[in-house]
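In: Sequence below, structure please.
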Amino acid sequence: MKAEYINPFLKATINVLKTMASLDIKPGKPFVKKDSKAIGDISGTIGLTGFGSGVVVVSFSEAAALKVVTSMLGEQQTELNDEIRDAVGEITNMITGDARRILADIGANFEAGIPSVIVGKGHEITSMGDAPCVSVPFKIGDDDLVVEFSFEEG
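Out: Okay, here's the model as predicted:
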C-alpha cells in the first residue's frame, strides 16, 4: 500500500471530528494490522469499489463513541444504543467521503457502499482481499479511535 494513501484518511478523520463534534484528536503512528480483531467496541464499515476494491473501518472504544456522539448531539450519551449506532455509521460515511474526495485529487477515484455497524467487545472484521490493512490510531483524550483501510488497486 502506497504511503500517499494514508494521509487522506488521517486528514479526513481529524477534519470530520473537528467539524462535526468540535473535538481535537491526536493521531498515532500508522501500522499494518495483522489480525481481524477490531480494536474498538463499536465499528462502522463501508466497502469501496472503483480505483480498487476494499473496505474502510472506523472503530471506537465505547468511551470514545459516547464522547464523540455526546459532543455531536449536545446531550449526554451513556450507552451503546441505536442513536450511537446510527452516529457511528454516519461518522464512518463522512470520514470515508472526505478521504475519497482527497484520494480523487491524486487520481484514485472510489465509490462507497452503505455503512454497516458492528457492536461488541472483541468483534472481528474480515476483509475479503489480500491487500494489507493499514490502521491509523487516534486518541480522543484518553479514549481510542482507529481508522483502518484496505484496498487492492484495480
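
In: quick one: the helices in the protein?
Out: Under the criterion DSSP state H, helices of the chain are mapped to 6-21, 62-73, 82-104.

In: Any idea which of the ones you listed gets closest to Phe51?
Out: Nearest to Phe51 among these is helix 82-104 (7.4 Å), distances taken as Cβ to Cβ. Quick note: C-beta positions are derived from backbone N, CA and C, even for glycine.

In: end to end, how far does stretch 20-39 reach?
Out: Taking Cα to Cα, to the nearest Å, stretch 20-39 runs 23 Å from one end to the other.

In: how many neighbours does Val16 have?
Out: 24 (other Cβ atoms under 10 Å).

In: Okay, angle between the longest strand anywhere in the chain and helix 82-104 too, please.
Out: Criterion DSSP state E: the longest strand present in the chain is strand 143-153. Strand 143-153 runs at 50 degrees relative to helix 82-104, counting by axes from the mean of the first three to the mean of the last three Cα atoms, to 10 degrees.

In: if we can go back for a sec, save the helices of the chain as a markdown table, and put in distance to Lys37 too.
Out: Shown next, in a markdown table, are these (distance: least, Cβ to Cβ, whole Å):
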| stretch | distance to Lys37 |
| --- | --- |
| helix 6-21 | 20 |
| helix 62-73 | 16 |
| helix 82-104 | 18 |
